[in-house]
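**Student:** Using only what follows, build the 3D model:
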Amino acid sequence: MTVKTSIAMVSILRDGLANGVGVKYKRLADAVHKSIVDGLIEPGCKLPPHRLLADSVGVTIGTVSRAYGELERIGVVVARVGDGTYVRQQGMERVRDAGFRNVSDEPQPFFDMSRNQPIPGQEALFLSQSLHAVSLDSAAMQRVSGYTADVGLQHYREAGARWLQHGAFAPHADQIVCVNGGQHGLLCALMALLKSGDTLVTEHLTYPGLISVARMLGIKLIGIAMDDEGLMPQALEDICRQHRVSALYCTPTIQNPTAAVMSVARREAIAQVCRQHNLLIFEDEAHAVLAQQRPLPLSYFAPERSVLIGSLSKAVSAGLRVGYLHAPQPLIGRLSAAVRGTCWMASPLTLEVASLWIENGMAEQLLAQQIAEISRRKSLVAGLLEGAVYKTHSHSPHYWIEVPEPWRASQIAAELKEKNYRVATAEAFAVGHAAVAQCVRASVCNSAGDDRLLLRGFETLVGALVETE
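**Tutor:** Below you'll find the model as predicted:
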């Protein structure tokens, strides 16, 4: 028989503290878990606020927070951003509980506008031609058929340096580590340079792949307030004064999901704060290559402490899984050890093809095609978005669209899903427990060349937003 949750929890926690085993937060978590299993607390119940329980039981808020965190870790409760913690029941899973998705798992004719991926172009044709050319090159076949150095062959590192070069930022091949795509590069960078329990700060809304990797590695994340340029230097300064921070992760150009681009002055200010507080910088350039007139990377303004993560996935070919890390020379050994520990080496076959494309101009040709097709598709839907409040960049493949009050982004997403359309909501990108913006992210990437499908998707999205007003 169930009882009122707020009353029951105090009694349950007091009993757990008195009779449980282990540290305080573990005793509290074990007591709540047992009560859920025994049916004293029903599925779907909202658990009391941390401060209320802390005051009633006589422990710190931090102890209650750790107990709730343990319950979430073992999967018996769901912490919903800005709304509280609930006992799990079927259908309550958050978007990010299952991790971020790299492909759509929706049946046809479902149209998935929630993901950014490269728009198909000539890469399949180029790949066929390049693999044939490699097969006829005995030296190339020798390179791709055996073990290579964990950082990658010098030839591949030189191609990587050329790909990452931008304006006055001119990487040296000896500062390049070859990886199996940007996500693998992010994993290796965090594994190599941080440890479990370290604190990493990032934008309040950030790349879901970072959230997933940090959770697996036991790295704590703190979200930083943002404005139209991305993370704010003063907010970063304030957090560094309040917490023991080890590193910053950010996307200065075409930020995911807001599409913000930092000015040069903003980049210089952030570099200064990171120097002052001795922070490492992990800089993600996944989408940055789409903005060819972009400012110089943070790695230019703080080269002694910046790890730049770049890849070919968003602009050339996702399937090649080719990426590059650029880092200060003293960090290369630790980064290469992480590559060795995760996959021994990045695949030489795909690096051979990528290097060929970078050298012969195919990579730039595919990049130009990608930019042109994004622009064409966005021009098609631009008229539909008149009257909507949104942010984007001319070369960003997605829009960040506000949901009118008093409606919530989750309601728009649910309504669209009923009509066989999917968008991403802010919750999937949120770091921390603060309330998130009521926005959805909609991409122009995934219509498989069918402009009618693209237009119907955005017409349906705009229709749902208009109906809420």
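**Student:** Surely Leu13 touches Ala29?
**Tutor:** No. The pair Leu13 / Ala29 is not scored as a contact, 9.7 Å apart, by Cβ atoms under 8 Å. C-betas here are computed from N, CA, C, even on glycine.
**Student:** Where does the record place the domain boundaries for the protein?
**Tutor:** Domain ranges of the chain: 5-92, 96-120+367-468, 123-364, per automatic domain parsing.
**Student:** Return the most buried member of the ones you listed.
**Tutor:** For these, the largest average neighbour count (mean count of other Cβ atoms under 10 Å) is found in domain 123-364, namely a mean of 20.
**Student:** give me the low-pLDDT residue ranges for this structure?
**Tutor:** 1-6, 80-83, 90-109, 467-469 (pLDDT under 70).
**Student:** how about the residue nearest to Arg408 when sequence neighbours are not counted, what does it touch?
**Tutor:** With Cβ to Cβ, 6 or more residues apart in numbering as the criterion, Arg408 has its nearest non-adjacent residue at 5.5 Å, and that residue is Gln438. Going by Cβ atoms under 8 Å, 6 or more residues apart in numbering, Gln438 touches Glu402, Val403, Glu405, Trp407, Arg408, Ala409, Ala426.
**Student:** which of the residues you listed sit farthest apart?
**Tutor:** By the measure Cβ to Cβ, Glu405 and Ala426 form the most distant pair in those, at 14.3 Å.
**Student:** So what does His326 look like in phi/psi?
**Tutor:** With angles defined as degrees, to the nearest 10, His326 sits at phi -120, psi 130.
**Student:** same thing with the one 3 residues further on?
**Tutor:** As for Gln329, its main-chain torsions (degrees, to the nearest 10) stand at phi -50, psi -40.
**Student:** Asp174 is in contact with that one, correct?
**Tutor:** Yes. The criterion here is Cβ under 8 Å, and Gln329 meets it with Asp174 at 6.6 Å.
**Student:** For Arg73, give its distance to Ala464.
**Tutor:** 35 Å (Cβ to Cβ, to the nearest Å).
**Student:** Gly230 now?
**Tutor:** According to Cβ to Cβ, Gly230 stands 28 Å off from Ala464.
**Student:** got it, and Ala79?
**Tutor:** According to Cβ to Cβ, Ala79 stands 27 Å off from Ala464.
**Student:** ok, now Leu325?
**Tutor:** 41 Å.
**Student:** and if you look at Val21?
**Tutor:** Val21 is 51 Å from Ala464, by Cβ to Cβ.
**Student:** What of Leu153?
**Tutor:** 51 Å.
**Student:** Please apply the same query to Ser114.
**Tutor:** Ser114 is 14 Å from Ala464, where distance means Cβ to Cβ.
**Student:** same deal with Ala29?
**Tutor:** Counting by Cβ to Cβ, the gap from Ala29 to Ala464 is 40 Å.
**Student:** same thing with Ala315?
**Tutor:** Taking Cβ to Cβ, one finds Ala315 at 31 Å from Ala464.
**Student:** now swap in Ala8 and tell me
**Tutor:** As judged by Cβ to Cβ, Ala8 and Ala464 stand 40 Å apart.
**Student:** so what does the helix or strand harbouring Tyr25 touch, helix or strand wise?
**Tutor:** Element membership of Tyr25 [criterion: DSSP states H and E] is helix 24-38. The contact analysis (3 or more Cβ pairs under 8 Å, 6 or more residues apart in numbering; DSSP states H and E) places helix 24-38 against helix 5-19, helix 61-73.
**Student:** Using CSV, write out every CA atom in the first one.
**Tutor:** Yep, that's helix 5-19 we're talking about. Only the C-alpha atoms of helix 5-19 are listed here, as CSV (Å, rounded to 0.1, in the frame of the first residue of the first chain):
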residue,chain,number,x,y,z
THR,A,5,5.7,10.4,-0.9
SER,A,6,6.8,13.5,1.1
ILE,A,7,5.8,12.0,4.4
ALA,A,8,7.1,8.5,3.6
MET,A,9,10.5,9.8,2.4
VAL,A,10,11.4,11.4,5.7
SER,A,11,10.6,8.2,7.6
ILE,A,12,12.4,6.0,4.9
LEU,A,13,15.5,8.1,5.0
ARG,A,14,15.7,8.3,8.8
ASP,A,15,15.4,4.5,9.0
GLY,A,16,18.0,4.1,6.2
LEU,A,17,20.5,6.4,8.1
ALA,A,18,20.0,4.5,11.4
ASN,A,19,20.1,1.0,10.0
